[in-house]
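Engineer: Next comes the sequence, and after it the predicted model I'd like to discuss.
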Amino acid sequence: QNYPLYIRSVPTENELKFHYTVHTSLDVVDEKISAMGKALVDQRELYLGLLYPTEDYKVYGYVTNSKVKFVMVVDSSNTALRDNEIRSMFRKLHNSYTDIMCNPFYNPGDRIHSRAFDTMVNSMIMQVC
């Protein structure tokens, strides 16, 4: 339904700009999924790669087999991040999201409020910075 379950931005002063970027990138994700068509059904996970670059940021996408979409916005000046490192970060996000979904007290579709998920995201952010 394309509403965010979890948003985290660092630094927080441009948070609204990141929200807009993430929401506009969902259209690109939908276009890539529809272009893939039946190939999506055959895969367990779908790393979409670079959705689109802007002057300041690069936007990456990932979709699970249950149509959960992950979007990551990174600084364009960070040349240390390679494609397989971004893919690895998405897999970590996916695994942590799966752990949240396995929690019997979590209602699917609710916002994610988990210390373990926050800790994992913070460690990924610290690794990138």
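Structural biologist: That came in fine, so what should we check first? Numbers count the residues shown, from 1 in each chain.
Engineer: from the middle of its chain, how far away would the helix or strand that contains Asp30 be?
Structural biologist: Element membership for Asp30, per DSSP states H and E: helix 15-36. Taking C-alpha atoms, centre = their mean, to the nearest Å, one finds helix 15-36 lying 10 Å from the centre of the chain it belongs to.
Engineer: Also stretch 50-67?
Structural biologist: Per C-alpha atoms, centre = their mean, the centroid offset for stretch 50-67 relative to its chain is 7 Å.
Engineer: first vs last residue of that stretch, how far apart are they?
Structural biologist: This stretch, stretch 50-67, spans 18 Å end to end (C-alpha to C-alpha, to the nearest Å).
Engineer: what is the mean pLDDT for it?
Structural biologist: For stretch 50-67, the mean per-residue pLDDT is 89.
Engineer: Buried ones in it, by neighbour count?
Structural biologist: Buried residues in stretch 50-67, counted by 16 or more other C-beta atoms under 10 Å: Leu51, Tyr57, Lys58, Val59, Tyr60, Gly61, Tyr62, Val63, Thr64. For the C-beta atoms, the positions are set from N, CA and C on the backbone; glycine is no exception.
Engineer: Residues in contact with stretch 104-116: which ones?
Structural biologist: Contact partners of stretch 104-116, identified using C-beta atoms under 8 Å, 6 or more residues apart in numbering, comprise Gln1, Pro4, Leu5, Tyr6, Ser96, Tyr97, Asp99, Ile100, Met101, Asn103.
Engineer: Pick the one among these closest to Ser34.
Structural biologist: Gln1 (16.6 Å; C-beta to C-beta).
Engineer: Tell me who's in contact with that closest one.
Structural biologist: Counting by C-beta under 8 Å, 6+ apart, the residues that Gln1 touches are Gly109.
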